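**Student:** need a 3D model of the sequence below.
(one chain, ligands or ions: 1)
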Amino acid sequence: MTGLPPLPFKARRDAILDRLEHGSILLPAAPVRYKSGDSEYRYRPDSELFYATGWRDPECIAVLRGFADEDRFVLFVPERDEKLELWTGPRMDPGEVKASCGADAVFPMREFGERGRRLLCGGEVIHYRLGASAACDDVVAAALRDGRARRPRRGAGARALVDPGAILDAMRVRKDAAEIARLREAARISVAAFREALPRVRGGVGEWEIEAALESGFRSRGADGPAFATIVAAGANACTLHYTANGSRIAAGDMVLMDAGAEVDCYAADITRTVPASWPLEGARRDACEVVRGAHRAAVAACVPGGTMAAVHEAASRAIAEGLVGLGVVDGPADKVLEERAHRGFFPHQTSHWLGLDTHDAGAYRDADGPVALVPGMVFTVEPGLYFAPGSCPRVPALEGTGIRLEDDVLIADDGAEILTVGLPLELDVLADLCGAVS
Ligand SMILES: [Mn+2]
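**Tutor:** So this is what the prediction gives:
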């Protein structure tokens, strides 16, 4: 997408090479995936390969070598093939690839077996996700065999295999300015698409129609498309957390949960709103919506530099527990509910996940010292919810067949938190206006 600042691939690579020390990292492209037969899904690059190199094409392999003086960034790419290019579009030759991605060397893929092994065997630790690619599995096994053979004579050679996440996750969890620009744009587009889709929510409309409105809103604004499978779940469908069939017709008495987000330049947004098919919303279900909004507010208040995601979840959980007591769903006090985890049947998921190149983005939630501290540049969701599956709530039957979730995307800033999706309201009265409710 135009107008966005360039992603700092060279600086990232230098940082990765620094952290690799005596190691290397091997990043294969995501495989082309088939929907059925020979029909391909639209190609989406592997997040780690894209993060480290910016390379978007399939069938390539990147090698970074922290221990080496030369050929520190090497790319293997498929050779040009006129017949194939007629179908899939023009390819660059290795010289063009080298100029465009800043690699120290670019080789044709057919040389990967022998060259790849030699490139890897000089370092001690190979960072590679075993099983990611058959060609890479073979080369890594050969490099480790080499290392074993040469170590007794030369005192050096590859001898350890470590997941690339050990290097990349801690880098990816703090977003740089260019990444934040993309997350901001994905959030902006997602908010606009929700504002367009909300007035369409009413009885008799298919869940698929709301899905189409959301995704049309993403794509028509230039987003890559949905970052993940859009959820439009009416009534009890919302109690299935990852319901994606979107194949039911909305009934006039349903609550409708919409969980969707645009992807911009491989960066995701992730929003959930829940509204009734018919306004006004009154009674227990309105109260339950207010409980979730209160939990959202409490969770956002805990999003501060130096805080933790665990504290964010605790704040949301306490508000949910107090709310369930207030609704008459469980017996109080809230401390007892929390201690006995009686709220978990109605709020079974975590409040937050990291957000970035992946919707559930890379990054540890805990380390050896406990929960990871929130620092500026971290981006994550806040998404408390309440789910009352049929038969789950005999004390307040009016709530059964309802799932409510409110989700926004939060950036930790120097002095607090910025809600990237702030353009979409949470208050029921404002949502009613957006839905075009006649009062
Ligand atoms: Mn989410």
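
**Student:** and the residue nearest the centre of the protein?
**Tutor:** Centrality entry for the chain: nearest residue to the mean C-alpha point is Thr359, 1.1 Å, by Cα atoms, centre = their mean.

**Student:** in three-state terms, label it for me.
**Tutor:** The assignment at Thr359 comes out as coil when based on DSSP: H, G, I helix; E, B strand; the rest coil.

**Student:** check contacts around it.
**Tutor:** With Cβ atoms under 8 Å, 6 or more residues apart in numbering as the criterion, the residues that contact Thr359 are Ala227, Phe228, Gly261, Ala268, Asp270, His353. For every residue, glycine as well, the C-beta is placed using N, CA and C.

**Student:** what about the residues you listed, which are in strands?
**Tutor:** Secondary structure from DSSP state E places Ala268 of the contacts of Thr359 in strands.

**Student:** which one of the contacts of Thr359 is nearest to the ion?
**Tutor:** If you rank these by distance to the ion using Cβ to the ion, Asp270 comes first, at 4.1 Å.

**Student:** hang on, that closest one packs against Val379?
**Tutor:** No: counting by Cβ atoms under 8 Å, Asp270 stays clear of Val379, with 10.1 Å between them.

**Student:** quick check: neighbours shared by the two?
**Tutor:** Counting by Cβ under 8 Å, 6+ apart, the residues touching both Asp270 and Val379 are Leu355, Asp409.

**Student:** need the contacts of Thr359 in a markdown table (columns: pLDDT).
**Tutor:** Supplementary listing: the contacts of Thr359 in a markdown table, determined by pLDDT from 0 to 100:
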| residue | pLDDT |
| --- | --- |
| Ala227 | 98 |
| Phe228 | 98 |
| Gly261 | 98 |
| Ala268 | 98 |
| Asp270 | 98 |
| His353 | 98 |
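
**Student:** how does the protein divide up, domain by domain?
**Tutor:** As recorded under automatic domain parsing, the domains making up the chain are 9-171, 173-434.

**Student:** filter the contacts of Thr359 by proximity to the ion?
**Tutor:** Filtering the contacts of Thr359 for proximity to the ion (criterion: Cβ under 5 Å from the ion) leaves Asp270.

**Student:** can you list the residues of this protein near the ion?
**Tutor:** Those residues of the chain that sit near the ion, judged by Cβ under 5 Å from the ion, are Asp270, Thr381.

**Student:** the helices in the chain, which residues?
**Tutor:** The residue ranges that make up the helices of the chain, judged by DSSP state H, are 9-20, 47-53, 82-88, 94-101, 112-121, 134-154, 165-172, 177-197, 207-220, 284-301, 309-327, 334-339, 428-434.

**Student:** now render those as CSV, adding mean pLDDT.
**Tutor:** Putting the helices of the chain into CSV (pLDDT from 0 to 100) gives the following:
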stretch, mean pLDDT
helix 9-20, 96
helix 47-53, 97
helix 82-88, 83
helix 94-101, 84
helix 112-121, 95
helix 134-154, 91
helix 165-172, 97
helix 177-197, 98
helix 207-220, 98
helix 284-301, 98
helix 309-327, 98
helix 334-339, 97
helix 428-434, 97
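
**Student:** for the nearest residue to Tyr128 once chain neighbours are set aside, give the beta-bridge partners.
**Tutor:** Take Tyr128 and drop its neighbours on the chain: the residue closest to it by Cβ to Cβ, 6 or more residues apart in numbering is Leu26, 4.2 Å away. Applying DSSP bridges to Leu26 yields these beta-bridge partners: Val63.

**Student:** distance of Leu26 from Arg151?
**Tutor:** Between Leu26 and Arg151 the computed distance is 20 Å (Cβ to Cβ, to the nearest Å).

**Student:** more neighbours, those two?
**Tutor:** For Leu26 versus Arg151, neighbours defined as other Cβ atoms under 10 Å are more numerous around Leu26 (24 against 14).

**Student:** OK, contacts around the residue nearest to Tyr128?
**Tutor:** Taking Cβ under 8 Å, 6+ apart as the criterion, Leu26 is in contact with Ile61, Ala62, Val63, Gly116, Leu120, Ile126, His127, Tyr128, Cys136, Val139, Val140, Pro164.

**Student:** between the residues you listed, which is nearest Gly370?
**Tutor:** Proximity of the contacts of Leu26 to Gly370 was ranked by Cβ to Cβ; the top entry is Pro164 with 24.7 Å.

**Student:** hmm, that closest one is touching Ile126, no?
**Tutor:** No: taking Cβ under 8 Å as the definition, Pro164 is not a contact partner of Ile126, at 9.7 Å.

**Student:** adding distance to Phe76, write the helices of the chain out as a markdown table.
**Tutor:** Putting the helices of the chain into a markdown table (distance: least, Cβ to Cβ, whole Å) gives the following:
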| stretch | distance to Phe76 |
| --- | --- |
| helix 9-20 | 16 |
| helix 47-53 | 12 |
| helix 82-88 | 17 |
| helix 94-101 | 9 |
| helix 112-121 | 5 |
| helix 134-154 | 9 |
| helix 165-172 | 20 |
| helix 177-197 | 27 |
| helix 207-220 | 33 |
| helix 284-301 | 45 |
| helix 309-327 | 38 |
| helix 334-339 | 53 |
| helix 428-434 | 50 |
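
**Student:** quick one: closest of those to Phe73.
**Tutor:** helix 9-20 (5.8 Å).

**Student:** so which elements touch that closest one?
**Tutor:** Of the remaining helices and strands, those touching helix 9-20 by 3 or more Cβ pairs under 8 Å, 6 or more residues apart in numbering; DSSP states H and E are helix 47-53, strand 61-65, helix 165-172.

**Student:** for these, which one ends up most surrounded?
**Tutor:** With neighbours taken as mean count of other Cβ atoms under 10 Å, the helices and strands packed on helix 9-20 reach their highest mean count in strand 61-65, at a mean of 25.

**Student:** now it: mean pLDDT?
**Tutor:** pLDDT averaged over strand 61-65 equals 98, rounded to a whole number.
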